[in-house]
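A.B. asks: return a 3D structure for these sequence lines:
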Amino acid sequence: MLNHRQTKNQFESLTTLEAIQKQAYQMLVQGLAKTGFSMREWGILVYLERHGQATASELADAFTVTRTLISRNTWRLIQDNLIQSQVNPNDRRVVWLSLTVNGQERVQEGVRQVQANLKTFNQSHDLEKLAKYVEALSQQLARIN
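C.D. replies: Here you go, the predicted model:
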């Protein structure tokens, strides 16, 4: 059983981890600003780039959202010729999604754009803030162990 001090240390660690996640998310949102992609669209494109192909159900599980929401997000990407759908010939209920050549190029352009955007905004302040959070988390975890 955890005593009050251990519980407090764990709570502080979770709070710090949440701050790290929030800071990293804000940095990525700012980095994506000029790409025209939403966070979820970007996530789908990167997922498909890494995994080659996936079904809408796999994407919904990966992003912990409904299949309907994934279908809405992928529809725009299909219309923009960034991803394509292909029915599995062995099981017509299964539809595979994958990047088109255009989608592959846009992911690479997006990566370069995100990197460029991250360099232009108040990067040093945000990275310093992120580093402080990570250091605080490290110290808090050391106290737990």
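
A.B. asks: for this protein, longest helix please?
C.D. replies: helix 4-32 (DSSP state H).

A.B. asks: I'd like the next helix or strand past that one.
C.D. replies: Using DSSP states H and E, the helix or strand that follows helix 4-32 in sequence is helix 39-51.

A.B. asks: what residues sit buried inside that next one?
C.D. replies: R40, E41, W42, G43, I44, L45, Y47, L48, E49 (16 or more other Cβ atoms under 10 Å). Quick note: C-beta positions are derived from backbone N, CA and C, even for glycine.

A.B. asks: distance of the first one from Q79?
C.D. replies: In this structure, R40 lies at 16 Å from Q79, with Cβ to Cβ, to the nearest Å as the measure.

A.B. asks: now do the last one
C.D. replies: According to Cβ to Cβ, E49 stands 19 Å off from Q79.

A.B. asks: find the centremost residue of this protein, please.
C.D. replies: In the chain, the C-alpha nearest the mean C-alpha coordinate belongs to G43, at 4.9 Å (Cα atoms, centre = their mean).

A.B. asks: please name the residues that touch that residue.
C.D. replies: F63 (Cβ atoms under 8 Å, 6 or more residues apart in numbering).

A.B. asks: the helix or strand bottoming out on mean pLDDT in the chain packs against which elements?
C.D. replies: Ranking every helix and strand in the chain by mean pLDDT, DSSP states H and E puts helix 123-144 at the bottom, with a mean of 72. Judged by 3 or more Cβ pairs under 8 Å, 6 or more residues apart in numbering; DSSP states H and E, helix 123-144 is in contact with helix 4-32.
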